[in-house]
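**Q** Sequence below, structure please.
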Amino acid sequence: MKIINCSNIILYDKDYNFLLQKRTTNAYVMPGYWGFFGGGIGDNEDPLMTVIREAKEELSYNLQKPSLFIEQDIKLNNAYGHQRIYIEEFKGLKSDLCLKEGEAMGWFSIKEVDELKMKDHDRMVIKEAYKHIQKLLVN
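**A** Below you'll find the model as predicted:
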C-alpha cells in the first residue's frame, strides 16, 4: 500500500463556486474522480509551500494567502497517509487558469457538486468549505 502525504487547495469564487479537477482514468489515486488540486509533499518540503507549488504547476496560478482548512489522516483503497486542505478565494481571471494536470477542470456550485463522480469524503469537505465561507461573510 502506498503512503501519501499531500497538500490540496480549495479555490472558490465570489459566487461560491468551487474549482475542481477531474483526475485521469489512469491516475494511481481516485482515477476518473473529481477532487481537489494539489499533490504530494516532497522530502523536507513545507506543506504550505507544497500547495503553493502545486497550484502553480497544475493551474499556472499563484496562490495569495491560502489558509489551512482541514488536516486529517486519509485512507483510500490503495493508499493511506496525511492530508492538509487549504482554502482561498480565487481573485484572478478564470481565463488565465491553465489545466496542466488531470483530465478536466471546472467551477461548480454546491448543488452541482452533488452530481459529480466524487468521493463522499471530498463532497463533505466541499460542503464544510461552503459553510465556512458563508460564516466569513457574516463576520
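
**Q** Give the phi and psi angles for Tyr28, as a check.
**A** The phi/psi pair for Tyr28 (degrees, to the nearest 10) reads phi -70, psi -40.

**Q** Tell me who's in contact with it.
**A** Residues in contact with Tyr28 (CB atoms under 8 Å, 6 or more residues apart in numbering) are 2, 78-79. C-beta coordinates here come from the backbone N, C-alpha and C atoms, glycine included.

**Q** Check Ile41 too.
**A** Taking CB under 8 Å, 6+ apart, one finds 5-7, 47, 50 in contact with Ile41.

**Q** how about the strands of the chain, start to end?
**A** Listed in chain order, the strands of the chain (DSSP state E) span 2-12, 18-22, 34-35, 37-40, 67-75, 79-89, 104-108.

**Q** Can you tell me which helices and strands the first one packs against?
**A** Translated: strand 2-12. The contact analysis (3 or more CB pairs under 8 Å, 6 or more residues apart in numbering; DSSP states H and E) places strand 2-12 against strand 18-22, strand 37-40, helix 47-59, strand 79-89, helix 120-138.

**Q** what do you get if the cut-off is 10 Å, keeping everything else the same?
**A** Of the remaining helices and strands, those touching strand 2-12 by 3 or more CB pairs under 10 Å, 6 or more residues apart in numbering; DSSP states H and E are strand 18-22, strand 37-40, helix 47-59, strand 67-75, strand 79-89, helix 120-138.

**Q** Quickly run through the sheet partners of it, with directions.
**A** Counting by DSSP bridges, the strands paired with strand 2-12 are strand 18-22 (antiparallel), strand 37-40 (antiparallel), strand 79-89 (parallel).

**Q** Deepest-packed of these, please.
**A** strand 18-22 (a mean of 22; mean count of other CB atoms under 10 Å).

**Q** Can you add distance to Lys117 and give the strands paired with strand 2-12 back as CSV?
**A** Supplementary listing: the strands paired with strand 2-12 in CSV, determined by distance: least, CB to CB, whole Å:
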stretch, distance to Lys117
strand 18-22, 8
strand 37-40, 17
strand 79-89, 18
